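> Next one to model:
(one chain, ligands or ions: 3)
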Amino acid sequence: MNLNQDTPRHIAIIMDGNGRWAKMRGKQRSEGHAAGMEALRATIRNAAEAGVKYLTVYAFSTENWGRPQEEVDALMELICKGVEMESDNLREGGIRVCVMGRKQLFSPKVLKAIESIEEKTREGEQMTLILALDYSSRSEITEAVRQIARKVQSGELTLEQIDQQLISDSLLTAGVPDPDLVIRTSGEYRLSNFLLWQASYAELYFSEVLWPDFDKAELQKALEAYALRERRYGLVK
Ligand code: IPE
Ligand code: IPE
Ligand code: MG
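Residues are numbered from 1 along each chain as shown. Ligands and ions are numbered 1, 2, ... in the order given. As a prediction, this is how the structure comes out:
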């Protein structure tokens, strides 16, 4: 893959379509998620190779807790297994892993897996992989508002000091540049509560492919589409 100035620094992906992929093959939804994990492994490698510096993936939304318990359990199991199997590879590849989301509802086993991969890979400098787990953009914004209001209430901040930068710095993505490109697979055209603040000026790319089928060629297509976009930020060229 070519590394050029048109390569997005930060790609965010809504990895959708695992369930339909499984259904089409007469398999359990959990098997679709396992196949999706393979697509994620490949995409991490391909994105790092392309020169992407931040890759954020929507792996489990806060709303996804409402799925059948069996599916939620399978996803949690997959997270633990994936972390266990991949942390050495990721560390060797210079990938730093951060988990973004609420952490209250995870079992001790999942929490331990998350802490362990974050700790193991903290020195990675090639690319930062942000796993959105139990993530909800509206909850994130609500929490930021509360945090800021608390500081105003205590006198630590004045109203005039509230600006866009402060809000960005109060989100879970503090310190991470906004995504340049948001990709959603499976032919769905919505954001589903993902990075609502951060994606204000992101380029959106929708792929018809179901997530388990998202391979290097599909990523290349998205990168090529991105390279042709003209980002205007409300200005005239
Ligand atoms: C995305 O695939 C993975 C998660 C939401 C965890 P889905 O499970 O949403 O797959 P579809 O949309 O039902 O096909
Ligand atoms: C979004 O996909 C969440 C993840 C990919 C983790 P969903 O499948 O949960 O979203 P909706 O329900 O189609 O909006
Ligand atoms: Mg879905």
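> going forward, measure contacts between C-alpha atoms and count neighbours the same way
Will do.
> pLDDT value on the residue nearest in space to the middle of the chain, please?
The chain has V57 as the residue nearest its centroid, 2.3 Å off, counting by C-alpha atoms, centre = their mean. Note for V57: predicted pLDDT of 98.
> so what does the helix or strand hosting it touch, helix or strand wise?
Per DSSP states H and E, V57 falls inside strand 54-61. Using 3 or more C-alpha pairs under 8 Å, 6 or more residues apart in numbering; DSSP states H and E, the elements in contact with strand 54-61 are strand 10-14, strand 127-135.
> Show me the one of the ones you listed that comes nearest G82.
G82 sits nearest to strand 127-135 of all the helices and strands packed on strand 54-61, at 12.0 Å, using C-alpha to C-alpha.
> Say whether ligand 2 is contacted by the closest one.
No. Strand 127-135 does not reach ligand 2 (C-alpha under 6 Å from any ligand atom); its nearest approach is 7.8 Å.
> That strand near ligand 1 anywhere?
No. Applying C-alpha under 6 Å from any ligand atom, one finds strand 127-135 separated from ligand 1 by no less than 9.3 Å.
> Using PDB, write down the CA coordinates of that strand.
The C-alpha trace of strand 127-135 is given here as PDB (Å, rounded to 0.1, in the frame of the first residue of the first chain):
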ATOM      1  CA  MET A 127       0.000   2.900  15.500                       C
ATOM      2  CA  THR A 128      -2.500   3.400  18.400                       C
ATOM      3  CA  LEU A 129      -5.400   1.000  18.300                       C
ATOM      4  CA  ILE A 130      -8.400   2.300  20.200                       C
ATOM      5  CA  LEU A 131     -11.000  -0.400  21.000                       C
ATOM      6  CA  ALA A 132     -14.400   1.100  21.700                       C
ATOM      7  CA  LEU A 133     -16.000  -1.300  24.200                       C
ATOM      8  CA  ASP A 134     -19.200  -0.400  26.000                       C
ATOM      9  CA  TYR A 135     -18.900   2.900  24.100                       C
END
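> Given it, what are its sheet partners and their directions?
Strand 127-135 has the following strand partners under DSSP bridges: strand 54-61 (parallel), strand 95-100 (parallel).
> Can you pull the residues of this protein lying near ligand 2?
Neighbours of ligand 2 within the chain, by C-alpha under 6 Å from any ligand atom: I14, M15, D16, Y58, A59, F60, S61, N64, S192.
> what about 8 Å?
Residues of the chain lying close to ligand 2 (C-alpha under 8 Å from any ligand atom) are 14-17, 57-61, 63-64, 132-133, 188, 190-194.
> mind checking which helix or strand E84 is in?
Using DSSP H and E, E84 falls within helix 69-92.
> Using PDB, list the CA coordinates for that helix.
The C-alpha trace of helix 69-92 is given here as PDB (Å, rounded to 0.1, in the frame of the first residue of the first chain):
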ATOM      1  CA  GLN A  69     -27.300 -12.900  26.900                       C
ATOM      2  CA  GLU A  70     -25.800 -15.800  24.900                       C
ATOM      3  CA  GLU A  71     -24.400 -13.400  22.300                       C
ATOM      4  CA  VAL A  72     -23.100 -10.900  24.800                       C
ATOM      5  CA  ASP A  73     -21.300 -13.800  26.600                       C
ATOM      6  CA  ALA A  74     -19.800 -15.000  23.300                       C
ATOM      7  CA  LEU A  75     -18.600 -11.500  22.600                       C
ATOM      8  CA  MET A  76     -17.000 -11.100  26.000                       C
ATOM      9  CA  GLU A  77     -15.300 -14.500  25.600                       C
ATOM     10  CA  LEU A  78     -14.000 -13.400  22.200                       C
ATOM     11  CA  ILE A  79     -12.600 -10.200  23.700                       C
ATOM     12  CA  CYS A  80     -10.700 -12.200  26.300                       C
ATOM     13  CA  LYS A  81      -9.400 -14.700  23.800                       C
ATOM     14  CA  GLY A  82      -8.500 -12.100  21.300                       C
ATOM     15  CA  VAL A  83      -6.500 -10.100  23.900                       C
ATOM     16  CA  GLU A  84      -4.700 -13.300  25.100                       C
ATOM     17  CA  MET A  85      -3.800 -14.400  21.600                       C
ATOM     18  CA  GLU A  86      -2.900 -11.100  20.100                       C
ATOM     19  CA  SER A  87      -1.100  -9.000  22.700                       C
ATOM     20  CA  ASP A  88       2.400 -10.300  21.900                       C
ATOM     21  CA  ASN A  89       1.900  -9.800  18.200                       C
ATOM     22  CA  LEU A  90       0.600  -6.300  18.700                       C
ATOM     23  CA  ARG A  91       3.400  -5.400  21.000                       C
ATOM     24  CA  GLU A  92       5.900  -6.700  18.400                       C
END
